[in-house]
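need a structure here:
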Amino acid sequence: MFYFSANFLYFVLMANHKVSVVVCTYNGEKFLRQQLDSLISQTYTDLEIIISDDNSTDSTVKIAKSFQRKDPRILIHVNKNNLGYNRNFEHAFDLATGDFIAVCDQDDIWKPNKIEAMMPLFAGDAILVYCRSVRFRNQIPDVEKYCRRKLFIGNDIKRLMYVNDIAGHNIIFRKELLRLAKPFPEGVFYDWWLTIVAAAFGTVRATDRVYTFHRWHTENATLRKKEQKIQTKAAASARFLTLQNILQLEGLEKEDLIFGKQLYEALATLQGKSFSPRLLIFLLRHSGTLFFFKKQPWSRAKMAYRLSFAID
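As a prediction, this is how the structure comes out:
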């Protein structure tokens, strides 16, 4: 008699689903080869790799086509005009034919078993899953787990209303999520929005394992923003706009709606100012929820202080 674990049986079922890996490129010739090497080497083989190029002016498309000749799973689309980061991803997601979509940055490197290891996380009503990533510049670090911050798991969207700690390059989601999330609100980061909608209408799951190596360099737009310690006015405005759109979602739980409106009122006091005492008090009072990913109370208090400012 053979005995199989529930995880093994679930993996067998999930193995029958195509995964669309969506890569958005723009002038990425310097690091694209390493990333594409890591994609075509994935142990989960039922893939299509969609490269959506945002009208690059370097040899990015030429490099992509050289890989396409080696691997017919690669599909290339070149935008006639530059759409920008968010719209390029939104358009690329529309090209996906798989049941699941894995998001990929042009300059990162994936572990060979990333997709195979993450697919079993789609249990129950899980609609979006993600893994850990670690940053690197030149040498890929030897690491299996990364425990600096707590993971978001579940559907408590209050925890995502002011800060989203889930990066797009770490996520895989069911394609059906797009039906709920599109069109992406103007000025709202696509990965933050997908995570919010996934938590509002399903469940988010995660693994503490590291499967993505996120390259740190001066051209990386996301990391340039994270180097800013005190919140900029642009970031404060983006959070304000994101919260406005969250509050417009239909079907929010009453408790989430009340909390969101209170946060919105506090955040409104920062608009046009460099500091808001009212926002600071609110963030400190609810730091355990809004900054749950920080393990120590003093770290949460420090973050509340920094995010009560809006500087040029």
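
for Leu283, see how far away Tyr130 is.
25 Å (Cβ to Cβ, to the nearest Å). To be clear about C-beta, it is placed using only N, CA and C from the backbone, and glycine gets the same treatment.

compare those two (neighbour count), which wins?
Tyr130 (29 against 25; other Cβ atoms under 10 Å).

assign the more buried one to helix, strand or coil.
Using DSSP: H, G, I helix; E, B strand; the rest coil, the structure places Tyr130 in strand.

you'd agree it is up against Ile166?
Yes: here Tyr130 reaches Ile166: they are 5.4 Å apart, a contact under Cβ atoms under 8 Å.

ok, now which ones touch Val204?
Going by Cβ atoms under 8 Å, 6 or more residues apart in numbering, Val204 touches 126-130, 152-155, 166, 195, 198.

and Leu307, by the same measure?
Going by Cβ under 8 Å, 6+ apart, Leu307 touches 162-163, 231, 279, 283.

tell me which of these is nearest to Arg87?
Distance to Arg87 across the contacts of Leu307 (Cβ to Cβ) is lowest for Val163, with 23.6 Å.

Phe291 is in contact with that closest one, correct?
Yes: Val163 is within contact range of Phe291, at 6.7 Å (criterion: Cβ under 8 Å).

tell me who's in contact with the residue nearest the centre of the chain.
The centroid of the chain falls nearest to Gly168 when counting by Cα atoms, centre = their mean (2.1 Å). Residues counted as contacts of Gly168 (Cβ under 8 Å, 6+ apart) are 89, 103, 105, 189-191, 194.

how about stretch 81-89: buried residues?
Of the residues in stretch 81-89, 83, 86-89 count as buried by neighbour count, 16 or more other Cβ atoms under 10 Å.

let me redo that: stretch 87-99
Buried residues in stretch 87-99, counted by 16+ other Cβ under 10 Å: 87-93, 96, 98-99.

just put these in JSON lines and tack on secondary structure.
JSON lines is the format used below for the buried residues of stretch 87-99 (three-state DSSP):
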{"residue": "Arg87", "secondary structure": "helix"}
{"residue": "Asn88", "secondary structure": "helix"}
{"residue": "Phe89", "secondary structure": "helix"}
{"residue": "Glu90", "secondary structure": "helix"}
{"residue": "His91", "secondary structure": "helix"}
{"residue": "Ala92", "secondary structure": "helix"}
{"residue": "Phe93", "secondary structure": "helix"}
{"residue": "Ala96", "secondary structure": "coil"}
{"residue": "Gly98", "secondary structure": "coil"}
{"residue": "Asp99", "secondary structure": "coil"}
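
for these, give me JSON lines that also has distance to Gln68.
JSON lines is the format used below for those (distance: Cβ to Cβ, whole Å):
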{"residue": "Arg87", "distance to Gln68": "23"}
{"residue": "Asn88", "distance to Gln68": "19"}
{"residue": "Phe89", "distance to Gln68": "20"}
{"residue": "Glu90", "distance to Gln68": "23"}
{"residue": "His91", "distance to Gln68": "19"}
{"residue": "Ala92", "distance to Gln68": "16"}
{"residue": "Phe93", "distance to Gln68": "20"}
{"residue": "Ala96", "distance to Gln68": "17"}
{"residue": "Gly98", "distance to Gln68": "18"}
{"residue": "Asp99", "distance to Gln68": "23"}
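
what helix or strand is Ser52 on?
Here Ser52 sits within strand 47-53, counting by DSSP states H and E.

pairing partners for that strand, with directions?
strand 19-25 (parallel), strand 74-78 (parallel) (DSSP bridges).

coming back round to it: which of the contacts of Val204 are buried?
For the contacts of Val204, a burial check counting by 16+ other Cβ under 10 Å picks out 126-130, 152-153, 155, 166, 195, 198.

quick check, nearest of those residues to Ala117?
Val129 (10.3 Å).

these two touch, right, the closest one and Arg174?
No: if you go by Cβ under 8 Å, Val129 and Arg174 don't touch, sitting 9.4 Å apart.

list residues touching both of the two?
With Cβ under 8 Å, 6+ apart as the test, Val129 and Arg174 both reach Phe122.

restricting to C-alpha, output the longest strand along the chain in PDB.
In the chain, taking DSSP state E as the definition, the longest strand is strand 203-215. C-alpha atoms of strand 203-215 as PDB (Å, rounded to 0.1, in the frame of the first residue of the first chain):
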ATOM      1  CA  THR A 203      -6.300  34.600   1.000                       C
ATOM      2  CA  VAL A 204      -2.600  35.400   0.600                       C
ATOM      3  CA  ARG A 205      -0.100  32.700   1.500                       C
ATOM      4  CA  ALA A 206       3.700  32.800   1.800                       C
ATOM      5  CA  THR A 207       6.800  30.800   2.300                       C
ATOM      6  CA  ASP A 208       9.800  31.900   4.400                       C
ATOM      7  CA  ARG A 209      12.100  30.300   1.800                       C
ATOM      8  CA  VAL A 210      14.200  32.600  -0.400                       C
ATOM      9  CA  TYR A 211      13.500  31.900  -4.100                       C
ATOM     10  CA  THR A 212      14.300  35.300  -5.600                       C
ATOM     11  CA  PHE A 213      17.600  37.200  -5.700                       C
ATOM     12  CA  HIS A 214      16.800  40.900  -6.100                       C
ATOM     13  CA  ARG A 215      19.500  42.800  -7.800                       C
END
